[in-house]
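Trainee: Coordinates for the following, if possible.
(chains A, B and C)
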Amino acid sequence: MKPEKALIFELSHPGRVAYSLTECDVPQIEPASVIPEGMLRSKPAELPEVYEVDVIRHYTELSRRNFGIDNGFYPLGSCTMKYNPKINEDVARFPGFAKIHPYQPEESIQGALELLYTLQNDLAALTGMDQVTLQPAAGAHGEWTGLMLIRAYHESRGEKRTKVIVPDSSHGTNPASATVAGFETITIPSNERGLVDLNALRAVVGSDTAALMLTNPNTLGLFEQQIEQIAQIVHDAGGLLYYDGANSNAIMGITRPGDMGFDVVHLNLHKTMSTPHGGGGPGAGPVGVKSKLVPFLPKPIVGRREDGTYFWDTDRPQSIGRVKAYYGNFGILVRAYTYIRTYGPEGLRRVSENAVLNANYMMHRLAPYFEVPYPGVCKHEFVLSGKRLKTFGVRTLDVAKRLLDFGYHPPTVYFPLNVEECIMIEPTETESKETMDGFIDTMIQIVKEAETDPQLVLNAPYTTVVNRLDEATAARKPVLNCSC
Amino acid sequence: MSEVRDNLYYSEEHEWALPAGGQIVRIGITDYAQCQLGDIVFVELPELGSTVVGGDSVGSIESVKTVSELYTPVSGKVVRVNDTLIDAPEAVNSDPYEAGWILEVEIEGSVEEAVGKLLTPERYRAVSD
Amino acid sequence: MKHRYLPMTEQDQTEMLATVGAKSVEDLFADIPASVRYNGVLPMSGALDEPSMLRHMHRLADRNADADRFTSFLGAGIYDHHIPVVINHVISRSEFYTAYTPYQPEISQGELQAIFEFQSYICELTGMKVANASMYDGATALAEAAALASGATKRKRIVVSRTVHPEAREIVRTSARGLNLEVVEVGFRDGVTDLDELKKTIDDNTAAVLVQTPNFFGCIEDIRVIEPLIHEKKGLLVMSVNPLSLGLLESPGVLGADVVVGDAQPLGIPTSLGGPTCGFFAVTEALMRRIPGRIVGQTVDRNGKRGFVLTLQAREQHIRREKATSNICSNQALLALCASVYMSVMGKSGMQEVSLQNMRKAHYAAGRFPAGSPAFTAPFFNEFVVKLPGPADVHKVNAMLLKAGYIGGYDLGTDYPELKGHMLVAVTERRTKDEIDGFVREWEASAI
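Mentor: Numbering: from 1, shown residues only, chains lettered A, B, ... in the order given. The predicted structure follows:
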């Protein structure tokens, strides 16, 4: 095992520098001559003093203690950890994209505006919506934006609708977003097939229903076949349908939220459109809407004049306002646009087909060793239950930790909440049959270990830079920075 | 098997109540509840002197992975809280019925009547089984 | 169809379908009703091969005036600072950028330690006790600060100075609507918050005062006067700061802030049309368990070895669901990494020097403008406001400056009707004396 890694602060040697600034060629005025003493820093920040080689070696060593998609298979359910194309990274770094300012004159950023305009239209076509805002910075941010749009829509019709309905399999962000958008959440149970229970839905819809939030396919990887009836029930009550686009990788070019009856949709470009997760961000969560919600979109959106020039359309009196400074995560939008054009519409359809076949293949090969709570055809992901292994004292978490020793990132575990000892696997379309077979064989081996030598699994991992960490002490006596 | 004590009264939300002399009722969470939560890392205590109504959320209990509301099974005024839990919330795990008590409520009216509405140990055993 | 990111051959497909027991790929979509199926090819942009893609993107990029080819005096929240070259090398390591959130700590120690160091840097710079792993940007961080203040004080009124970035104020208002908070704005005098009006506006129901310093006009607010006004009423002081200015200006911790937010863009993050950047969020110890977003903590493994984990997770939205007080479930890890590497490179003396250079160059520039142009007399950092003579229009002046190779300042008339004809000029350490002299000459020629 590797030794502990020093903090950058622990590498500091007074007198060393890693920076190079231009010599100051204007008069060297004293700060106190133009700024009152009480506003000037009384004690400098104690930042480390290192030289450039320290910086590079430090962060290179940290990177070696981290696992990304480029290191190996990452079948993290609900996160769509597909390959992050390198061309996306290269183009986002072009000075014409990376070194432009949001407040530059429109005539000086026509290329950027054209890209955004085209992306708005492409995403509208893909989702079956009429207009798209690219502002939201993440999926959760998109959800909240979409719900604020729904709220504005109802209010504009003089209706006060206070309740948002979510299925029990929904991601925790759905109810959280509803709460911060000022709604009350109603959770409805799924039926025995893991789908929305229409009777349960009928029982809760009413004149106070603002919206139903749904993913389709849902978090169990199952397509809501009764989506049209669901839409009708909600629309008949005067509510709207919100599509959480987390699982869009299953349906591109095959079916569209707009055609299923959804009124608002957000996409996670960091999932479906291959933009890198960056270790937790940045992402982008554009929101598309049907025409009746267009007036409320955050401002500005990008417009195109008859002469072919592009502009920021800020004249939107009914807009809910801004949701993000400037125009969203442009650097991510450049990557997503590049990705879309790398495939084109027919290629994107193939992406979804392959993602779905991969998931079904893995489910069938693993089924004999785990319980499959919802058998049948899955979409881009599926869930297993590891509860059979509990008789050997081995839990899903232990299986996940043992996978680390074989160089795999574990699947999502313990989500969704309605499956006991849940293991959620999403292979994506960019993994080969050999890679999946290798992972499946390893899962089977771990099951055998659990049955014959459970201690081997319980003590895993063995090959990582640290063993299992004490999370209880971390939360009881928080040490959140190195100066405590 | 989690421990259910015979000298206590219980709520469906897995709190216990103990008549602690006079008008005072001491409250904590059950062994079953602490077991379900796992390693408890923080207890948000109610405000001293506040008036609480039976069934209301008066604080929360955080474990590593989840958070649970703390409901008071009886109505009254919060007269004492267990300050030692601020630095040692793990006491709720190790000793939920003694060192891990959470608050004391002073009630108006009959203590017997107030706790009489709660579950008996036998009935709580059935709930937490 | 062959594609360089798709490994599935025809033989793979045949074998896999056989395992699944399906005749065709189409069988796998049989559960989608025909009535909602999309038939045909979506009307989207067509596919491009790699060489064509690069050509196409170069063509788009070349139609933008970038800060390598043009000399920028535009700031207003996003600044053209020097980005040390090592930053791009670090964030291009795909172990960092292709990783998900570090939910499996054993194989994510690199990211977790990097975030722990980021939190340490932010605490050191701001003088606060606790910082989180970062937020979407400075503006949304300010809105989250307002929400935190309301939750902590159980009050519903937020007082915001009009010298706070207009877009940040707009976002505070949008999110306040969701949370049913009242937002009250306070005006300015001579470029800084009107203290008399502020004093009158703060009441016993005020959760927080939100101030920005250096403010949107570049002026430094007198926090030593503002701090007691809000604390006397038991509300919170929320400060939005430019992190680069903290090499020179007093730390918010010393000035008595309860919550400190800001945008880390000046710390090594490209301007990129304003995003992605990275918000930071720091609080006093008393507010530790109310801080939104992710936090990394130090702990030990089973062998007693130091390690890092995501901690205080029970606060997070995906656990609390409808009881959540924020819906943020990500951070801007890769950009927080940019900021960390920037601060590692600059170090103790570099942060002071770069901050000092910004201040000196901005003051030199302000002195070059014709007498009477500077609009305010309040002390400033690296940005200041100049008034155009007579009927001159900022938009037109900027168009002329662009032709001469300069990206001019921000048109304040857009957000402040009373400041029509006023331009906000930013001068960073990247600008040389010659560039400044040339810009002012061109400005005079365009404006007069």
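Trainee: Quick one: name the residues of chain B near chain C.
Mentor: Residues of chain B lying near chain C by Cβ under 8 Å from any Cβ of the partner chain: B:41-42, B:44, B:62-67, B:69. Any C-beta I mention is one placed from the backbone N, CA and C, and that applies to glycine too.
Trainee: and those residues, which of them are in strands?
Mentor: Applying DSSP state E to the residues of chain B next to chain C, the entries found in strands are B:41-42, B:44, B:62-63, B:67, B:69.
Trainee: if we can go back for a sec, and the residues of chain B next to chain C, which are buried?
Mentor: Among these, those buried by neighbour count (16 or more other Cβ atoms under 10 Å in any protein chain shown) are B:41-42, B:44, B:62-64, B:67.
Trainee: mind putting the residues of chain B next to chain C in a markdown table, pLDDT included?
Mentor: Converted to a markdown table, the residues of chain B next to chain C look like this (pLDDT from 0 to 100):
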| residue | pLDDT |
| --- | --- |
| B:Val41 | 92 |
| B:Phe42 | 91 |
| B:Glu44 | 90 |
| B:Glu62 | 90 |
| B:Ser63 | 88 |
| B:Val64 | 84 |
| B:Lys65 | 75 |
| B:Thr66 | 80 |
| B:Val67 | 83 |
| B:Glu69 | 88 |
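Trainee: Let me have those in a markdown table, extended by distance to A:Val394.
Mentor: Converted to a markdown table, those look like this (distance: Cβ to Cβ, whole Å):
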| residue | distance to A:Val394 |
| --- | --- |
| B:Val41 | 25 |
| B:Phe42 | 30 |
| B:Glu44 | 34 |
| B:Glu62 | 27 |
| B:Ser63 | 22 |
| B:Val64 | 20 |
| B:Lys65 | 19 |
| B:Thr66 | 22 |
| B:Val67 | 27 |
| B:Glu69 | 32 |
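Trainee: C:Asn215: what secondary structure?
Mentor: Three-state assignment for C:Asn215 (DSSP: H, G, I helix; E, B strand; the rest coil): coil.
Trainee: follow-up on the earlier one: can I get the residues of chain B next to chain C in CSV with distance to chain A?
Mentor: Shown next, in CSV, are these (distance: Cβ to the nearest Cβ, whole Å):
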residue, distance to chain A
B:Val41, 4
B:Phe42, 7
B:Glu44, 13
B:Glu62, 7
B:Ser63, 8
B:Val64, 5
B:Lys65, 8
B:Thr66, 10
B:Val67, 11
B:Glu69, 15
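Trainee: check contacts around A:Pro27.
Mentor: The neighbours of A:Pro27, taking Cβ atoms under 8 Å, 6 or more residues apart in numbering or on different chains as the test, are C:360, C:364.
Trainee: again with the one 5 residues further on
Mentor: Under the criterion of Cβ under 8 Å, 6+ apart, the contact partners of A:Ala32 comprise A:Leu40.
Trainee: try A:Ala237
Mentor: Here A:Ala237 is in contact with A:205-207, A:209 (criterion: Cβ under 8 Å, 6+ apart).
Trainee: which non-adjacent residue is nearest it?
Mentor: A:Val205 (4.1 Å; Cβ to Cβ, 6 or more residues apart in numbering or on different chains).
Trainee: returning to that earlier point: now, which of the ones in strands among the residues of chain B next to chain C sits nearest C:Arg189?
Mentor: B:Glu44 (42.7 Å; Cβ to Cβ).
Trainee: Any figure for the gap between the closest one and B:Ile86?
Mentor: 10 Å (Cβ to Cβ, to the nearest Å).
Trainee: Low-confidence ranges, the chain, go.
Mentor: As the question left the chain open, I've gone with chain A. Within chain A, the stretches with pLDDT under 70 are A:1, A:484.
Trainee: wait, I meant chain C there
Mentor: C:314-325.
Trainee: B:Ser57 and B:Tyr71 touch, don't they?
Mentor: Yes. Counting by Cβ atoms under 8 Å, B:Ser57 touches B:Tyr71, with 5.7 Å between them.
Trainee: Give me the more crowded residue out of those two.
Mentor: Counted by other Cβ atoms under 10 Å in any protein chain shown, B:Ser57 and B:Tyr71 do not tie: B:Tyr71 has more neighbours, with 19 against 14.
Trainee: so is the residue lying closest to that one once chain neighbours are set aside in a helix, a strand, or just coil?
Mentor: Leaving aside its chain neighbours, B:Tyr71 sits nearest to B:Glu13 (4.7 Å; criterion: Cβ to Cβ, 6+ apart). With three-state DSSP as the basis, B:Glu13 sits in coil.
Trainee: quick one: A:His171 from C:Val211, how far?
Mentor: Distance from A:His171 to C:Val211, by Cβ to Cβ: 36 Å.
Trainee: scratch that, C:Ala399
Mentor: Distance from C:Ala399 to C:Val211, by Cβ to Cβ: 34 Å.
Trainee: out of the two, which sits in the busier spot?
Mentor: C:Val211 (27 against 15).
Trainee: and that one, that's in a strand?
Mentor: Yes. Counting by three-state DSSP, C:Val211 falls inside a strand.
Trainee: Phi, psi for the residue nearest to C:Glu285 when sequence neighbours are not counted please.
Mentor: Excluding the flanking residues, the one nearest C:Glu285 by Cβ to Cβ, 6+ apart is C:Lys129, at 4.4 Å. When read as degrees, to the nearest 10, the backbone of C:Lys129 gives phi -90, psi -30.
Trainee: show me where chain B has strands.
Mentor: Under DSSP E, chain B gives strands at B:9-10, B:15-19, B:24-29, B:40-44, B:51-52, B:57-63, B:67-71, B:76-81, B:103-106.
Trainee: Same list, those strands, but as a markdown table with distance to A:Asp90 please.
Mentor: Formatted as a markdown table, those follow (distance: least, Cβ to Cβ, whole Å):
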| stretch | distance to A:Asp90 |
| --- | --- |
| strand B:9-10 | 64 |
| strand B:15-19 | 59 |
| strand B:24-29 | 56 |
| strand B:40-44 | 44 |
| strand B:51-52 | 61 |
| strand B:57-63 | 44 |
| strand B:67-71 | 44 |
| strand B:76-81 | 59 |
| strand B:103-106 | 60 |
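Trainee: The residue positioned nearest the centre of chain B - nearest residue in space that isn't next to it in sequence?
Mentor: Against the mean C-alpha coordinate of chain B, by Cα atoms, centre = their mean, the closest residue is B:Gly28 at 2.2 Å. Spatial nearest neighbour of B:Gly28, chain neighbours left out: B:Trp101 (4.4 Å); criterion: Cβ to Cβ, 6+ apart.
Trainee: Wait, that neighbour touches B:Arg26, no?
Mentor: Yes. Counting by Cβ under 8 Å, B:Trp101 touches B:Arg26, with 5.3 Å between them.
Trainee: if I look at these two, which residues touch both of them?
Mentor: With Cβ under 8 Å, 6+ apart as the test, B:Trp101 and B:Arg26 both reach B:Leu18.
Trainee: Cool, thanks, talk later.
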